[in-house]
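**Q** Have a look; sequence and predicted model below, questions after that.
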Amino acid sequence: MSILEYELGKKPGTPDFERVEVDPITLRVLGGAFNAIAQEMAGVLFRMSYSSIIRESEDLGAGIFDAQGRELCESESTPMHIGSLPWYIRGFLYRLEDDIKEGDVIMHNHPYLGASHTPDIAIAVPIFVDEEHIGFAAVTAHVLDVGGSFPGINADAFDMYAEAKIYNGLRWYEGGVLNEDLDRMIFDNVRTETMNRGDLNAMLAACELGRDRFVALCQRYGIQVVMSAAYEWMDYSERMLRAEIEKIPDGTYRAPTGWLDDDAQNRGVRLKVETAVEVKGDSITIDLTGSHPEVPTGYNVPFEGSLLVSAYYAVRTVLLDEITFPENVPQNDGIFRIVDVIAPKGTIFNPNFPRACFSRFCQTQRVVDNVILALSEPLPEQTTAGNSAGIHFCSYSGFQEDTGQYWIYLEVNEGSYGGRYGKDAMDSVDNLMANTRNNPIEELDMRFPVRCEQYELRPEPAAPGKWRGGVGIIRRNRYVVDGTYSCEGDRQTDPPRGIFGGWDGLVASCRKNPDTAREEELHAKVTGIPFGAGEFVEFREPNAAGYGDPLERPAEAVRDDVLDGFTTIEMANDAYGVVFATDAPVTLNRLDIDEDATEKRRAEIRNERGAGSLTTYYAERGLPPASAPVSNAGNSSFGMS
């Protein structure tokens, strides 16, 4: 079958299954069992994996699916991985159709047939009970290298074939027997054979465990009861989400136009992101019409495996928050049924085959962020101000002559959340669709010829608001041998947006050898930049935006922010209108508020100000230096003063 004939975004519809009634207690027991299976699969995967991007960052997903790819359950890991697996399954079924045998192990990463992007390889094992094919146990995870033109990350690949080796519904095992020729082809054509083999075997082990657990469940309760319960849970999740959508007034809600930095080649040409959210009754549509055309690099987005998943997540996270919502609503196919997405063909969110789609994460983050901003109008107490909604996902690499393989270290540099109703934001945390853990510094130091010399909250203050925005990180990593650096990042030109009077946040930055004679500004998206031994890179991830009028923040809270380092005396005056009565050095127990001067200053600001922006504020002042002592020592040892 031709890829050009594939019907993009087609959902499987209502299950063709004769259900039986399941009593409420059994329904609950089975619902818990589904969740436990998915969590156990994920645990096996990240504990057995070789690479730190899976073992430490948990850049993975696991779950059980029916024979048509409907999701029954998912692990609590990266939302991008889980929501994409139904599309992976439908993608490889487009090639394999009904030719599925017990003992098959299917490998897939085709970005135009359901994959989230090519480095996220899926392994799926069919589930048979009494010789009946009832579903799949499947996982996906980001492997270190997929044989693209550069190690690890390829943001400016020419097309899909340049970014990776494509595995389109391949049987790694057929009927329980290893396909040895295919196995050699897979691992002979990547730079990190040992790491990839360890990770893929861990993925296989997770699938086999999930299969065995689900088979045991069916043997205990019967296929009819188990699958009936699974479909009832899907219907329940759909009903709960529709009920919440119905509470939103009908209408079309728009986010401010977002701008992505560039496409990794055409510097200075920003890419438009337009987002409208249409609510009608109990249905919701996310419309990206007006967004930038597809680009001739890897900065396009797979429609099914990345864009649709982002839309599902955005709606779910706002309306069915697991902490604030009073009932447990499992994530399954019922959630996916409701959300429709419009992205015109030929745009960055729905590119034409065979455009490269390697670096798609920052774009999907912006879609999620824009949906939240759009819904802040009807749902002000359930949404946040603009989040960092971007990452610097980096590859550090070099060649090991003693092993004949490359070393590759992948790192996700986190940002922060925007202010939220009633609470200040979370600082220094991976957010929205990413949800990965940070790699421990010890992992980097022990296993790779790279040293982390600084890792802390960036020195600039939080974006002002009634509830302040979050603070991103500053991080410096130094090569101790010659190597290569690549990155897919963004948000170095367009700051997170404040809402209800809160200030816009502060954009990211990336520099090579900062505060030295060799300092060089780096674009967020680069491929194959050489670094010599002793050279280092610095990231400052975005400070997210503020929520609400800063003048409504209690003066005492502003004083606490100064004492805690979240703002400065200067910004307390400029943004919050808080004036302090002492010129003495700030101490932990002495910073008095001048109440009369504060009242006067706040009145002045109300009469004269426009919308505030941390990015504009620091464009006029320059970023403050932030060299750590260990970084200075590293410069000295490598002669880089």
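**A** Cool, the structure landed.
**Q** hey, let's count contacts and neighbours off CA atoms from now on
**A** Fine.
**Q** In the stretch 1-150 of the chain, what residue spans correspond to strands?
**A** Taking DSSP state E, counting those that start in this stretch, the strands of the stretch 1-150 of the chain run over residues 60-66, 71-74, 105-108, 120-129, 132-142.
**Q** Who are the packing partners of the first one?
**A** Taking 3 or more CA pairs under 8 Å, 6 or more residues apart in numbering; DSSP states H and E as contact, the helices and strands that strand 60-66 lies on are helix 24-48, strand 71-74, helix 79-96, strand 132-142.
**Q** how many neighbours does the closest residue to F92 other than its chain neighbours have?
**A** Closest residue to F92 apart from its sequence neighbours, by CA to CA, 6 or more residues apart in numbering: G169 at 4.5 Å. Using other CA atoms under 10 Å, G169 has 24 neighbouring residues.
**Q** go on, D23?
**A** Around D23 there are 10 residues (other CA under 10 Å).
**Q** Also the one 4 residues further on?
**A** When neighbours are counted by other CA under 10 Å, L27 registers 19.
**Q** now G9
**A** Neighbours around G9, by other CA under 10 Å: 16.
**Q** Specify the local secondary structure of the closest residue to it other than its chain neighbours.
**A** With sequence-adjacent residues excluded and distances taken as CA to CA, 6+ apart, G9 is closest to E304, at 5.9 Å. Following DSSP: H, G, I helix; E, B strand; the rest coil, we place E304 in the helix state.
**Q** In contact with E304: list those residues for me.
**A** 8-9, 84, 87, 112-116 (CA atoms under 8 Å, 6 or more residues apart in numbering).
**Q** Tell me the buried residues within those residues.
**A** Among the contacts of E304, the ones that count as buried by 16 or more other CA atoms under 10 Å are 8-9, 84, 87, 112-116.
**Q** okay, those in CSV with pLDDT and distance to N435 next?
**A** Listed next are those as CSV, based on pLDDT from 0 to 100; distance: CA to CA, whole Å:
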residue, pLDDT, distance to N435
L8, 93, 27
G9, 91, 25
S84, 92, 15
W87, 96, 20
Y112, 97, 24
L113, 97, 24
G114, 96, 21
A115, 96, 19
S116, 95, 15
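**Q** Inside helices: which ones of the residues you listed?
**A** Taking DSSP state H, the ones among the buried ones among the contacts of E304 that sit in helices are 84, 87.
**Q** Which one of the buried ones among the contacts of E304 is nearest to V277?
**A** G9 (18.6 Å; CA to CA).
**Q** Who are the contact partners of I473?
**A** By CA under 8 Å, 6+ apart, the contact list for I473 reads 413-415, 428, 455-458, 539-542.
**Q** Just the ones in strands from these, please.
**A** 413, 455-457, 539-540 (DSSP state E).
**Q** This structure - how does it break down into domains?
**A** When the chain is parsed with automatic domain parsing, its domains come out as 3-235, 552-619.
**Q** Give me the most central residue, this protein.
**A** A434 (2.1 Å; CA atoms, centre = their mean).
**Q** Just give the nearest non-adjacent residue to that one, would you?
**A** Spatial nearest neighbour of A434, excluding adjacent residues (CA to CA, 6+ apart): T78 at 5.8 Å.
**Q** For that neighbour, list the residues it contacts.
**A** 58-61, 433-436.
**Q** again with S77
**A** Residues in contact with S77 (CA under 8 Å, 6+ apart) are 42, 58-61, 435-436.
**Q** top of these by neighbour count?
**A** The most crowded member of the contacts of S77, judged by other CA under 10 Å, is G61 (32 neighbours).
**Q** shaky segments in the protein?
**A** In the predicted model, the chain carries pLDDT under 70 at residues 1, 82, 583-589, 609-610, 627.
**Q** Put together a markdown table for the strands of the stretch 1-150 of the chain, with distance to L591 on each row.
**A** Below are the strands of the stretch 1-150 of the chain laid out as a markdown table (distance: least, CA to CA, whole Å):
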| stretch | distance to L591 |
| --- | --- |
| strand 60-66 | 47 |
| strand 71-74 | 50 |
| strand 105-108 | 60 |
| strand 120-129 | 52 |
| strand 132-142 | 49 |
